[in-house]
Structure formats: C-alpha cells, structure tokens
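1. predicted model follows, preceded by the sequence.
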Amino acid sequence: MNQKNKSIGKYRWTICSMLFFATTINYLDRQVLSLTWSDFIAPEFHWTNNDYGNITALFSIFYAVSLLFAGKFVDFMDTKKGFLWAIGIWSIGACLHAFCGIATAGIITGNWFVGFEGAKEAISTINDTGLVISVSVTLFIFARFVLAVGEAGNFPAAIKATAEYFPKKDRAFSTSIFNAGATVGALAAPISIPFIAKSFGWEMAFIIIGALGFVWMGFWVFIYEKPEKHRRVNAFELEYIQQDVVADSKIEGYVPETTTKVTFADCFRYKQTWAFAFGKFMTDGVWWFFLFWTPAYLSSVYGMDSTQAAFPLFVLYMITLLSIIGGWLPTYFVEKKGMNPYEGRMKAMLIFAFFPLLALIAQPLGHISYWLPVIIIGIAGAAHQAWSANIFTTVGDMFPKKAIATITGIGGLAGGVGSTLINKGSGVLFDYTNETQMTFMGFKGIESGYFIIFSICAVCYLIGWTVMKSLVPKYAPITDL
C-alpha cells in the first residue's frame with residue numbers, strides 16, 4: 001500500500017454513522033404506534049382495523065407530500081441545517097402522540113388538567129364511543145402529520161450527505177449502511193417499545209423514544225460540515241471523495257455543475273426522474289406494509305400480544321440486516337466485472353427483486369408454523385432494504401448534487417402514494433374479510449386478506465425493475481441541469 005492510501009482519512013464513515021443513527025431513530029419513532037395501538041391504544045379509544053388503517057394511510061399521504069417539499073427545503077437550507085430542522089420537527093411530533101389521550105378527555109369533558117391516568121379514567125366514563133373514536137383518531141392524525149413533516153427530511157438529507165461525502169462507487173455501500181438504520185430501528189422497536197408501554201404506559205413510550213432525536217441533534221451540530229470545509233477531512237480523503245468530478249469531466253458534453261436552483265419542472269423533463277419515481281411507487285408500500293401491519297398480523301392470525309410477538313419480530317428484523325449485502329454487490333460488479341455504477345446497480349436490483357416472490361407462500365406455510373411467514377417476511381424485508389439502498393443511489397449516479405434532495409423528494413412522494421394505497425386498502429380489506437369471513441384460495445376470514453396483500457407485495461419489485469429498465473436502459477448522467 002502506498003503512502004497516499006495510508007494517509008486517506010476515514011471521517012466520511014463518521015458522517016455515515018450519524019446518518020445511520022438518524023435513520024434508526026426515524027424508524028423507532030414511526031414504529032411506536034404500530035406496536036402499541038392493538039394492546040394499549042385501541043382498547044382505550046375503541047379503534048378498529050379501519051381506524052388504524054386510516055391513520056397509517058394519512059401518515060403515508062402526509063409523508064409523501066412532505067417529501068416533495070422536504071427535498072427542496074434541504075437543497076435550499078443545505079444538509080446541516082436541513083437535517084436539524086427535520087429531526088427537530090419529527091421529534092416534537094413523536095412526543096405529541098403521548099398527549100392525545102389528555103387532549104381527547106379535555107375536548108369531550110372540558111377537563112384538561114388531568115394526567116395520563118386521569119385521562120384514561122375520564123375517557124372510560126364517556127358513553128359516546130363514536131365521539132371518542134372520532135376525536136382520538138383526529139388527534140393522532142395531527143400528531144402523525146407533524147411526525148411525517150419532519151421525518152420526510154431524513155432521506156433527502158441523508159442521500160445528499162452521502163453524495164457529498166462518498167464517490168459514486170461507494171455510495172450504494174454507504175447508503176446500505178445508513179439505510180440499515182431502518183432495520184435496526186425496526187429491530188429495536190419490538191424489544192423495547194411494548195415493554196416500556198407495559199411498564200410505564202403507552203404515553204411514555206412515545207416520549208422516551210421521541211426524545212432520542214434531540215440527543216442526536218446535539219451531536220450533529222458539532223460533527224457535520226461539508227468535506228471541503230471540514231478540518232477533520234484531509235487532502236487525500238477529499239481527493240478520494242471528489243474523484244467523480246475528474247471522471248465525469250471526460251464524458252462528452254459534460255458541463256461543470258453550477259449553483260443555479262433546480263425547479264420541479266426541470267426535474268420532470270428527464271426519464272431518469274420518472275424511472276426513480278415509479279420504482280419507489282411500486283416498492284415503498286411493501287416495506288411500510290410489513291412495518292405497520294406485521295405486529296397486527298401476528299396478533300390477528302396467531303393471537304399474539306405485543307410482548308409475545310417481540311421475539312418473532314426481533315428475529316424478522318435480524319434477517320433484514322442481510323440487506324447490507326445490497327450495498328456490497330454493486331461495488332463487486334463495478335470493481336470486479338468492470339460495469340459502470342448504474343449497470344451494476346440495476347443488475348443487483350434485479351437479483352433482489354426475485355426474493356419477495358417468496359411472500360406468495362408465506363400464508364400457505366403459516367399453517368405449519370408462524371415462524372415460516374416470519375422468516376419469509378424477513379427475507380422480503382432484507383430484499384427491500386437492499387433494493388432501497390440501490391434505488392436511492394441511482395439518483396446520485398444520474399443527477400448533480402444540487403438536485404439530489406429534490407429528486408429524492410419526488411421519488412419519496414411517489415413512494416408515499418403507493419404506501420397510502422396499500423395501507424388504506426389493507427385496513428379496509430382486513431375488516432371486510434374478518435366481518436364477512438370471506439374465503440379466497442383456501443383461506444378464510446382475515447387470513448384471506450393477508451394472503452391477497454402478500455401476493456401483491458411479492459410481484460411489485462419485478463414490475464418496478466422492468467419499467468425502470470425500460471425508461472433508462474443505459475447509464476445516462478444528467479449534465480445539462
């Protein structure tokens with residue numbers, strides 16, 4: 001190894017670790033509701049599956065629309081300030097959930113000066129359950145709105161930071177590492193949140209988990225700065241980070257990047273934008289379905305409460321950590337097979353697109369043991385996260401840094417629309433199949449509903465990949481934006 005390689009710093013990995021922790025907190029915050037609503041919140045407020053489905057669907061809409069503007073906001077504010085605003089807002093939103101019970105009691109009874117236990121007692125004396133449902137659902141929707149507005153900034157800011165600190169060939173790997181925070185957050189949630197809720201009340205679960213974001217902000221203020229300005233980034237590491245500038249300059253028709261602001265109209269002129277957006281539309285909802293509904297699935301089909309489901313969910317999300325391979329595989333194709341970054345990424349994504357097909361047999365095998373669908377959902381989740389790491393980095397491959405957060409936001413909007421459809425549709429379908437005891441393909445009641453949704457999830461990735469490849473068959477970086 002020559003002296004230069006020995007001298008290349010590794011501060012970029014410190015930044016990657018901060019992105020990892022932010023994403024972990026992001027997913028912990030959004031998981032609190034899914035792990036507490038069935039055992040703790042629904043009995044208090046008389047919610048049905050459809051009520052929960054409405055809340056999760058609206059969260060998806062809020063998140064989707066917010067992503068569109070969060071990308072522009074991050075590009076405008078730049079990475080450091082944009083991330084601070086994002087995590088600050090979503091942490092406030094996470095904590096707001098805890099006070100929905102007090103607010104419900106206050107609005108209906110007029111007595112606002114009660115604690116968490118006092119609110120429970122007041123709500124239990126209200127005879128109009130329809131009013132309790134309406135008020136409580138509305139308040140939780142508002143809290144989810146604030147959470148969604150803030151959480152929407154995480155991925156645009158993280159992808160932008162990755163593009164600033166890593167060359168193209170390393171971005172899928174670094175993205176897969178910070179994106180693994182989603183898995184770790186989902187992994188930590190079932191072994192912490194239900195037990196916090198059981199010991200201290202569901203309200204404290206929202207407050208304790210929500211407060212983690214404020215801790216992260218204290219570190220981010222001192223750790224992050226652009227690499228060309230950061231005293232911890234030496235000259236050799238900066239040269240390594242910026243190696244693509246030299247490579248891209250050799251492309252015919254190359255135009256150096258300017259600081260001109262990018263508009264939505266500019267972005268939609270390119271097939272690359274539509275390819276990314278469609279890929280997100282087809283696949284984001286699958287992950288959100290697994291995230292929001294797997295605890296309910298174990299409860300509805302196998303009769304588990306949140307503490308009994310903790311270990312199966314822990315195993316499920318342990319399996320999804322295999323998604324880190326998703327970042328390594330394109331690097332292998334680029335370095336060992338001589339492919340360009342886009343070609344290597346698309347080949348890897350095609351491989352990952354086949355694994356969710358296992359979801360077709362999740363429900364049939366579930367009659368043998370609940371562990372079989374748990375393992376299959378874990379494998380499908382790992383495939384999604386591997387796919388996700390790569391589809392995010394196609395934006396950095398194709399677009400200049402000044403447009404990355406905006407394009408990421410557009411794709412996030414598309415993904416949020418897909419997530420809204422699947423979450424709302426699932427809630428309606430599960431209530432319908434349960435009430436009518438519908439029979440489909442040998443499954444009865446709510447099991448038939450889960451079989452239908454699992455089957456839809458199974459084929460989404462291959463459809464998404466096919467359309468993306470049709471729109472952008474070859475590596476085509478944008479040089480005129």
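-> Yes, it's here.
2. packing partners of the helix or strand hosting Y63?
-> Assigned by DSSP states H and E, Y63 falls within helix 49-77. Packing partners of helix 49-77 (3 or more C-beta pairs under 8 Å, 6 or more residues apart in numbering; DSSP states H and E): helix 11-36, helix 79-96, helix 129-151, helix 154-165, helix 271-302, helix 401-436. The C-beta positions use only the backbone N, C-alpha and C, and glycine is treated the same way.
3. how close does A458 get to L413?
-> 24 Å (C-beta to C-beta, to the nearest Å).
4. do you know the pLDDT at the nearest residue to Y11 once chain neighbours are set aside?
-> Using C-beta to C-beta, 6 or more residues apart in numbering and skipping the chain neighbours, the partner closest in space to Y11 is R232 (4.5 Å). In the prediction, the pLDDT value recorded for R232 is 90.
5. helix, strand, or coil at R232?
-> The local conformation at R232, judged by DSSP: H, G, I helix; E, B strand; the rest coil, is coil.
6. wait, isn't G53 in contact with N423?
-> Yes: judged on C-beta atoms under 8 Å, G53 makes contact with N423 at a distance of 6.1 Å.
7. contacting residues around stretch 12-24?
-> 83, 87, 154-155, 158, 161-162, 165-166, 174, 177-182, 184-185, 188, 216, 219-220, 223-224, 227, 232-233, 237, 241 (C-beta atoms under 8 Å, 6 or more residues apart in numbering).
8. for the residue lying closest to G9 once chain neighbours are set aside, what is the enclosing helix or strand?
-> In space, and not counting its chain neighbours, G9 is closest to E237: 3.9 Å by C-beta to C-beta, 6+ apart. E237 is part of helix 235-241, with elements assigned from DSSP H and E.
9. CA-only coordinates of that helix, as CSV, when you get a sec.
-> Taking C-alpha atoms only, helix 235-241 is exported to CSV below (Å, rounded to 0.1, in the frame of the first residue of the first chain):
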residue,chain,number,x,y,z
ALA,A,235,-6.4,16.4,1.4
PHE,A,236,-6.2,12.8,0.4
GLU,A,237,-9.6,11.9,1.7
LEU,A,238,-11.1,15.0,-0.1
GLU,A,239,-9.4,13.9,-3.3
TYR,A,240,-10.9,10.4,-2.9
ILE,A,241,-14.4,11.8,-2.1
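10. so which bits of it are buried?
-> Neighbour-count burial for helix 235-241, counted by 16 or more other C-beta atoms under 10 Å, picks out E237, L238, Y240, I241.
11. for E203, phi and psi?
-> Dihedral pair for E203: phi -60, psi -40, per degrees, to the nearest 10.
12. where in this structure is pLDDT low?
-> In the predicted model of the chain, residues 1-6, 245-260, 481 satisfy pLDDT under 70.
13. hmm, M204 is touching F195, no?
-> No: between M204 and F195 there is no contact under C-beta under 8 Å: 11.1 Å.
14. follow-up on the earlier one: now the buried members of the contacts of stretch 12-24.
-> 83, 87, 154-155, 158, 161-162, 165-166, 174, 177-182, 184-185, 188, 216, 220, 224, 227, 233, 237, 241.
15. for L238, what are its contacts?
-> L238 neighbours (C-beta under 8 Å, 6+ apart): P227, E228.
16. that one and K81: what is the separation?
-> L238 is 22 Å from K81, by C-beta to C-beta.
17. repeat that for I351.
-> 38 Å.
18. make a markdown table from the buried residues of helix 235-241 and add distance to G118 to it.
-> Formatted as a markdown table, these follow (distance: C-beta to C-beta, whole Å):
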| residue | distance to G118 |
| --- | --- |
| E237 | 56 |
| L238 | 58 |
| Y240 | 59 |
| I241 | 55 |
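19. and for T294, the neighbour number?
-> Counted with other C-beta atoms under 10 Å, the neighbours of T294 add up to 23.
20. give me the nearest residue to it, chain neighbours excluded.
-> I377 is the one closest to T294 (C-beta to C-beta, 6+ apart), at 6.2 Å.
21. so what's the gap between the helix or strand containing that neighbour and the chain middle?
-> Here I377 sits within helix 371-398, counting by DSSP H and E. Here the centre of mass of C-alpha atoms in helix 371-398, compared against the chain's by C-alpha atoms, centre = their mean, to the nearest Å, lies 11 Å away.
22. now do it against helix 401-436, angle only.
-> Inter-element angle recorded for helix 371-398 and helix 401-436: 160 degrees (by axes from the mean of the first three to the mean of the last three C-alpha atoms, to 10 degrees).
23. check which residues of helix 371-398 are buried.
-> 372-398.
24. give me the element the closest residue to G378 other than its chain neighbours is part of.
-> Nearest non-adjacent residue to G378, counting by C-beta to C-beta, 6+ apart: I319, 3.0 Å away. Assigned by DSSP H and E, I319 falls within helix 310-320.
25. neighbouring contacts of that helix?
-> Against helix 310-320 from outside (C-beta under 8 Å, 6+ apart): 183-184, 186-187, 189-191, 194-195, 294-295, 298, 304, 370-371, 374-375, 377-379, 381-382, 384-385.
26. counting by contacts, list what the helix or strand where T175 lies packs against.
-> Assigned by DSSP H and E, T175 belongs to helix 168-188. With contacts taken as 3+ C-beta pairs under 8 Å, 6+ apart, helix 168-188 sits against helix 11-36, helix 154-165, helix 310-320, helix 325-337, helix 341-354, helix 371-398.
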